[in-house]
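>>> A predicted structure for the sequence below; I have some questions about it.
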There are 2 protein chains.
Amino acid sequence: MTTLSKDAPPLDDLAAQLPPGVLLREADAVEKYRRDWTRSEAAGMPVAVVRAETAEHVQTAVRWAAAHAVPIVPRGAGSGLSGGSCSVDGCLVVSTERMRTIEIDVPTRTAVVLPGALNVEVKRAAAEHGLWYPPDPSSFEICSIGGNVATNAGGLCCVKYGVTTDYVLGLDVVLADGSLVRLGGPRIKDVAGLSLLKLFVGSEGTLGIVTRAVLRLVPAQPPVATLVATFATVEAAAASVVAIGASTRASMMELMDQASVNAVEDHLPMGLDRSAGALLIAQSDSPGAARTAEIELMQRECEAHGATECFVTDDPQEGEMFAAARRAAFPAIERRGALMLEDVGVPVPLLPELLTGIAAIAERLDVEIPTVAHAGDGNTHPIIVYPRGDEAARERAAAAFAEVMHLAIGLGGTITGEHGIGRLKRDALPLQLGDDVMALTHRIKAALDPQGILNPGAGF
Amino acid sequence: MTTLSKDAPPLDDLAAQLPPGVLLREADAVEKYRRDWTRSEAAGMPVAVVRAETAEHVQTAVRWAAAHAVPIVPRGAGSGLSGGSCSVDGCLVVSTERMRTIEIDVPTRTAVVLPGALNVEVKRAAAEHGLWYPPDPSSFEICSIGGNVATNAGGLCCVKYGVTTDYVLGLDVVLADGSLVRLGGPRIKDVAGLSLLKLFVGSEGTLGIVTRAVLRLVPAQPPVATLVATFATVEAAAASVVAIGASTRASMMELMDQASVNAVEDHLPMGLDRSAGALLIAQSDSPGAARTAEIELMQRECEAHGATECFVTDDPQEGEMFAAARRAAFPAIERRGALMLEDVGVPVPLLPELLTGIAAIAERLDVEIPTVAHAGDGNTHPIIVYPRGDEAARERAAAAFAEVMHLAIGLGGTITGEHGIGRLKRDALPLQLGDDVMALTHRIKAALDPQGILNPGAGF
């Protein structure tokens, strides 16, 4: 859709409209903004980076880009896992990393947050007032709210508390023409007009750039109790998840397979059972005695489905150690080689079939695919590992990456539960959505960004 | 946007494409489909009604209407409170009242529901399997899921459990050209592509007609405990709501002012305190002993904010009597005269100001405005009552209707929290959203319905 300008765009004009230090043009400085966590080799070279300090800087950048048909790649903390903020050649990167103000409004129980603020910073600011911002991607210590909104990020507690979109009450968005619209506000219920707010959440920077978010906060989470159950197979663990979900709303329900347990133990030894086929880490945050009752119920279901060992703790810090072990899976596995990270989801009862199918793909294509999962949501992260620099292995990994997505689609699932399509999963998207939904998507894109300058090549 | 065809559309052509009994053309029969619960006198006269039995019937109707530039007014159970399914002259009403199948899928904890199924029917079908569909508009016994999706309906429990959009996992939608797209599915987390699903929820039939919904179910609600607190003033009751919300997630937090208490007592005597300035009806559904602790905490906050009496019950049926009294407010007040029903919301801490402002408008314009509220969400229903047939009073009521909306907007609120804009609130919408958001809305409408045949005059 984008017609790239063939001439070098007039960066001096842009520089003149911004305060010193906002526009980066030096190759060394720009290089640092080329890639997100995927470290994609396909990333192009930006012409410059705008490190916006205000919404006005974003507007200035977008107006300039629109005038000169320069593609824009919006960027938060650069922790994306699907290549959504990897650059394209000749683009202007618009980074919101410097826009980090957080204001907690206790009476309305909202946080008014600029997009560069980290998720953990919002959580901490809320906690100072006895409040809680639930969404908790595993990367919560390094990912930004802007990126969370762009991908509709999930996390561990969303099995009970929902995902980012459930907490976004308002957004300021800079549109493709540089105008700024304010959607929603600190109102819990509001159905006036189309649900534009919800359309922008998860749009991966393709419809606008978020410059401010009003986030819903809730009272602090009660203390959690934790169950760690050991199984001989991932299938038995997954069956337990289905059974537990029928009667109980766990506040966490995570699964680690044997390979991911061993990778974490290598990296961060904490005595996890290396011989287990799978671990289930479940939590309850129900108040008072109900917490114990729920954990006991979960334990009974696990034992009924073949758990070989169950460990229970009421100590929140001990429970957090296990959650941290689960979150450590990405960095731990990354030490084993280059990664291709999946984010496939299926209807929860099909988890066993998905996990069995993934194992079969790994064996057939001779790649390692350790898998962790937000099992209670049916959302899994198979992590395809291959030796760095081994081109044949890389090709097998790429084949496995596609096959795992096709497997999920075949099971009525999705190729991305929480990371977004980015630039890595676009090929598989039409297979999931169908040509009609793709066409509908493109009609909306054309209506909002007729030049196609916003994050071209990402999202769909 | 719509150019109405000046010639009579060829209804025989449409009749020939549908089974007998699906197309209604007789004036008497059509008359019954002219209006929703608003009974608007401004409603136009349809040319015919399609009582679709299948998605294919809806597609046939839309294709025919598109070919002949006939406006379509989609209709569920006709219980809308904003005129969204009131007819326009020359329209084709597409009713989904006959599409009522409900299938509960226990393993995925979803309900696959055709749009004419009533909310209460979904709840009952889920309950047979120990599951729960939370959204509970006061009209849950007579409103349809299609209408709930079209308005993103709320209800009493959404203060803890969220609104319709939070439970919609998938939709089949017939678009303005008669094509059918399937969005989402029985997957808890799915961020593949734009959030089109969320865009259709709350679009009031202006972007497409829902022909099937996949709804998320959760484990059955635990038993509730109920607190009924009496206050001298609505302001004191509202202040209690704000204080309680800072620490507790009530599963219901409803407010009734003196006039609505008295209207309900006249209609359905149950011993409510007629002298009270306001009643607060709060519930907790926390499990076990935590329920009692939460109710006690709420009681302490109410007493600290001036409650003159507190009644507590652990008996769910007794609690439901109070909830039913609250839900009876509309029909009870309707017996007092003609109504204009508001649905304004504000940030929760501004509830006292909103309620004080409404009382001032009532006094100045010499109209009665009994008010009930989903107070925990800041969503209120001021109900403007005037004597039927009194034109001067009707004009004062209309002035009050506009002033209450302007008051809410001035407090940073919304003109509709859960009923939708329909045809009654369109004048005030630009004041709330601003011209830029209205323009964005119209761009999306034009992209999806270029002829403007879907529910023209409704929604925005």
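Now that the structure is in, tell me what you want to look at. Numbering: from 1, shown residues only, chains lettered A, B, ... in the order given.
>>> find me the pLDDT at the spatially closest residue to A:Pro316 that is not a sequence neighbour, would you?
Once flanking residues are discounted, A:Pro316 sits nearest to A:Pro223: 4.9 Å by Cβ to Cβ, 6 or more residues apart in numbering or on different chains. All C-beta spots, glycine's among them, are computed from the backbone N, C-alpha and C. Listed pLDDT for A:Pro223 reads 95.
>>> surely A:Pro223 forms part of a strand?
No. A:Pro223: not assigned to a strand; according to DSSP: H, G, I helix; E, B strand; the rest coil it is coil.
>>> report the separation between it and A:Val163.
23 Å (Cβ to Cβ, to the nearest Å).
>>> of those two, who's got more company?
A:Val163 (28 against 14; other Cβ atoms under 10 Å in any protein chain shown).
>>> hmm, A:Pro135 and that one touching each other?
Yes. Counting by Cβ atoms under 8 Å, A:Pro135 is a contact partner of A:Val163 at 6.3 Å.
>>> find residues that contact each of these two.
A:153-155 (Cβ atoms under 8 Å, 6 or more residues apart in numbering or on different chains).
>>> need those residues in a markdown table with pLDDT, can you?
What follows is the shared contacts of A:Val163 and A:Pro135, written out as a markdown table (pLDDT from 0 to 100):
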| residue | pLDDT |
| --- | --- |
| A:Ala153 | 98 |
| A:Gly154 | 96 |
| A:Gly155 | 95 |
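>>> before we move on, what SS does A:Pro74 have?
Under three-state DSSP, A:Pro74 comes out as strand.
>>> for A:Ala77, what are its contacts?
Counting by Cβ under 8 Å, 6+ apart, A:Ala77 touches A:97, A:116, A:118, A:142-144, A:147.
>>> mind checking which of these are in helices?
A:Gly147 (DSSP state H).
>>> just the buried ones from the contacts of A:Ala77, in PyMOL syntax?
A single PyMOL command selects the buried members of the contacts of A:Ala77 (16 or more other Cβ atoms under 10 Å in any protein chain shown):
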select buried, chain A and resi 97+116+118+143+144+147
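>>> out of the contacts of A:Ala77, which comes closest to B:Ala243?
Among the contacts of A:Ala77, A:Leu118 lies closest to B:Ala243 (Cβ to Cβ), at 30.8 Å.
>>> could you pull out the buried residues of the lengthiest helix in chain A?
As assigned by DSSP H, the longest helix anywhere in chain A is helix A:391-410. For helix A:391-410, a neighbour-count test (16+ other Cβ under 10 Å) marks A:393-394, A:396-397, A:400-409 as buried.
>>> circling back to that earlier point, which one among the contacts of A:Ala77 gets closest to A:Ala360?
Taking Cβ to Cβ as the measure, A:Cys143 is the one of the contacts of A:Ala77 closest to A:Ala360, at 32.5 Å.
>>> was I right to think the closest one contacts A:Asn119?
Yes. A:Cys143 is within contact range of A:Asn119, at 5.4 Å (criterion: Cβ under 8 Å).
>>> mutual contacts of the two, please.
Residues within reach of A:Cys143 and of A:Asn119 at once, by Cβ under 8 Å, 6+ apart, are A:137, A:153.
>>> circling back to that earlier point, filter the contacts of A:Ala77 down to just the ones in strands.
The strands in this structure, assigned by DSSP state E, contain none of the contacts of A:Ala77.
>>> and the contacts of A:Ala77, which is closest to B:Ala27?
Nearest to B:Ala27 among the contacts of A:Ala77: A:Gly147, at 58.0 Å, using Cβ to Cβ.
>>> now the end-to-end length of stretch A:71-86.
Distance across stretch A:71-86, first residue to last, is 12 Å (Cα to Cα, to the nearest Å).
>>> and that stretch, what's its mean pLDDT?
Across stretch A:71-86, the average pLDDT comes to 97.
>>> how far does that stretch sit from its chain's centre?
The chain centre lies 12 Å from the centre of stretch A:71-86; the measure is Cα atoms, centre = their mean, to the nearest Å.
>>> could you pull out the strands in the stretch 101-250 of chain A for me?
A:102-105, A:110-113, A:131-132, A:168-174, A:180-184, A:209-216, A:218-219, A:225-231 (DSSP state E, counting those that start in this stretch).
>>> as TSV, those with distance to chain B and mean neighbour count would be great.
Listed next are those as TSV, based on distance: least, Cβ to the nearest Cβ, whole Å; neighbours: other Cβ atoms under 10 Å in any protein chain shown:
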stretch	distance to chain B	mean neighbour count
strand A:102-105	8	16
strand A:110-113	8	26
strand A:131-132	8	20
strand A:168-174	9	24
strand A:180-184	5	20
strand A:209-216	10	25
strand A:218-219	5	16
strand A:225-231	13	25
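>>> let's have those strands in a markdown table, adding distance to A:Asp266.
As requested, the strands of the stretch 101-250 of chain A are exported to a markdown table (distance: least, Cβ to Cβ, whole Å):
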| stretch | distance to A:Asp266 |
| --- | --- |
| strand A:102-105 | 37 |
| strand A:110-113 | 37 |
| strand A:131-132 | 33 |
| strand A:168-174 | 38 |
| strand A:180-184 | 46 |
| strand A:209-216 | 37 |
| strand A:218-219 | 37 |
| strand A:225-231 | 18 |
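>>> which among the ones you listed is found nearest to B:Lys445?
Closest to B:Lys445 of the strands of the stretch 101-250 of chain A, according to Cβ to Cβ: strand A:180-184, at 15.7 Å.
>>> neighbouring strands - and their directions - for that closest one?
Here strand A:180-184 is paired, per DSSP bridges, with strand A:168-174 (antiparallel).
>>> now do the partner strand and strand A:209-216, the angle between them.
Strand A:168-174 and strand A:209-216 are oriented at 160 degrees to each other (axes from the mean of the first three to the mean of the last three Cα atoms, to 10 degrees).
>>> show me what strand A:168-174 is in contact with.
Contacts for strand A:168-174 (Cβ under 8 Å, 6+ apart): A:55, A:58-59, A:62, A:110, A:149, A:180-188, A:190, A:197-198, A:200-201, A:207-216.
>>> would you mind measuring from A:Ala278 to chain B?
The gap separating A:Ala278 from chain B is 20 Å, by Cβ to the nearest Cβ, to the nearest Å.
>>> tell me the domain boundaries of chain A?
A:11-95, A:102-219, A:225-330, A:337-431 (automatic domain parsing).
>>> quick check: which of those domains is nearest to B:Pro347?
For B:Pro347, the closest of the domains of chain A is domain A:102-219, at 4.5 Å, according to Cβ to Cβ.
>>> quick one on the thing from earlier: neighbour-wise, which of the shared contacts of A:Val163 and A:Pro135 leads?
Counting neighbours by other Cβ under 10 Å, the top entry in the shared contacts of A:Val163 and A:Pro135 is A:Ala153, with 31 neighbours.
>>> so which bits of the stretch 251-400 of chain A are right by chain B?
Residues of the stretch 251-400 of chain A lying near chain B by Cβ under 8 Å from any Cβ of the partner chain: A:286-290, A:293-294, A:345-349, A:374, A:376-379.
>>> my read is A:Thr356 is in a strand, agree?
No. Applying three-state DSSP, one finds A:Thr356 to be helix, outside a strand.
>>> ok, it - contacts?
Applying Cβ under 8 Å, 6+ apart to A:Thr356 gives the contacts A:234-235.
>>> how near is it to chain B?
Relative to chain B, A:Thr356 is positioned 17 Å away (criterion: Cβ to the nearest Cβ).
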